[in-house]
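Student: missing the sequence, but the structure's below:
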């Protein structure tokens with residue numbers, strides 16, 4: 001099938017009329033910046049392009065919630081940014097996004113609420129700060145802490161007065177700068 005036929009599959013199975021399916025396909029391909037590839041076979045696209053087409057297929061069905069498993073796996077940094085920008089835009093427009101991932105670095109920049117699974121059970125839940133600043137939780141779930149958390153923990157162990165719960169990159173940088181300024185005054 002072509003990209004547009006692939007994206008049309010879901011809306012067609014919802015029983016929508018041809019004009020509505022066509023409108024949704026065009027709209028969703030535009031949202032993921034793939035409209036110029038609509039006549040290409042999906043298997044001729046890069047991995048990042050294929051993921052964006054898959055997301056377009058979901059968007060075309062207009063769900064309230066999108067559930068994704070490892071949506072950035074195998075993507076280069078540019079592809080990760082493209083997918084996350086799309087997901088953030090959808091979320092800001094009111095769509096709930098649920099992601100299952102081991103990529104803690106990506107999760108720190110995307111998620112608001114986390115659920116930690118271990119052996120098929122939810123073992124902890126909380127904000128990114130609550131979960132990623134507690135290395136015991138992460139170790140029990142066989143997850144590595146985000147780099148920002150590792151850096152803040154190490155700085156605190158060396159005596160710098162930093163809050164270890166500032167997990168997002170910008171927050172961690174601001175925390176380190178503020179701590180150094182306080183230390184020098």
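Tutor: Sure thing, it's come through. Note that this is a predicted model, so its numbers are computed, not measured.

Student: hey, let's count contacts and neighbours off CA atoms from now on
Tutor: OK.

Student: ranges for the helices of the protein?
Tutor: Secondary structure of the chain by DSSP state H: the helices cover 3-13, 18-31, 47-59, 77-92, 104-110, 128-132, 135-140, 147-157, 169-184.

Student: which one of those helices lies closest to residue 118?
Tutor: helix 135-140 (7.8 Å; CA to CA).

Student: distance between the closest one and the chain's centre?
Tutor: Centre-to-centre, helix 135-140 and its host chain are 21 Å apart (CA atoms, centre = their mean, to the nearest Å).

Student: And for stretch 56-70?
Tutor: The answer for stretch 56-70 is 13 Å, by CA atoms, centre = their mean.

Student: can you give me the mean pLDDT across that stretch?
Tutor: For stretch 56-70, mean pLDDT rounds to 95.

Student: again with stretch 19-31
Tutor: 97.

Student: residues in contact with that stretch?
Tutor: Outside stretch 19-31, the residues that touch it by CA atoms under 8 Å, 6 or more residues apart in numbering are 4, 7-8, 11-12, 35, 38, 53, 56-57, 59-61, 86.

Student: Now tabulate these in JSON lines and tack on neighbour count and distance to residue 114.
Tutor: Compiled in JSON lines, the contacts of stretch 19-31 are given as follows (neighbours: other CA atoms under 10 Å; distance: CA to CA, whole Å):
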{"residue": "4", "neighbour count": "24", "distance to residue 114": "34"}
{"residue": "7", "neighbour count": "28", "distance to residue 114": "30"}
{"residue": "8", "neighbour count": "24", "distance to residue 114": "32"}
{"residue": "11", "neighbour count": "22", "distance to residue 114": "31"}
{"residue": "12", "neighbour count": "17", "distance to residue 114": "34"}
{"residue": "35", "neighbour count": "17", "distance to residue 114": "33"}
{"residue": "38", "neighbour count": "18", "distance to residue 114": "35"}
{"residue": "53", "neighbour count": "26", "distance to residue 114": "27"}
{"residue": "56", "neighbour count": "29", "distance to residue 114": "25"}
{"residue": "57", "neighbour count": "24", "distance to residue 114": "26"}
{"residue": "59", "neighbour count": "25", "distance to residue 114": "23"}
{"residue": "60", "neighbour count": "25", "distance to residue 114": "27"}
{"residue": "61", "neighbour count": "21", "distance to residue 114": "26"}
{"residue": "86", "neighbour count": "17", "distance to residue 114": "20"}
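
Student: In CSV, list those along with distance to residue 152.
Tutor: Output for the contacts of stretch 19-31, formatted as CSV (distance: CA to CA, whole Å):
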residue, distance to residue 152
4, 47
7, 44
8, 47
11, 47
12, 51
35, 43
38, 46
53, 38
56, 38
57, 40
59, 38
60, 42
61, 43
86, 30
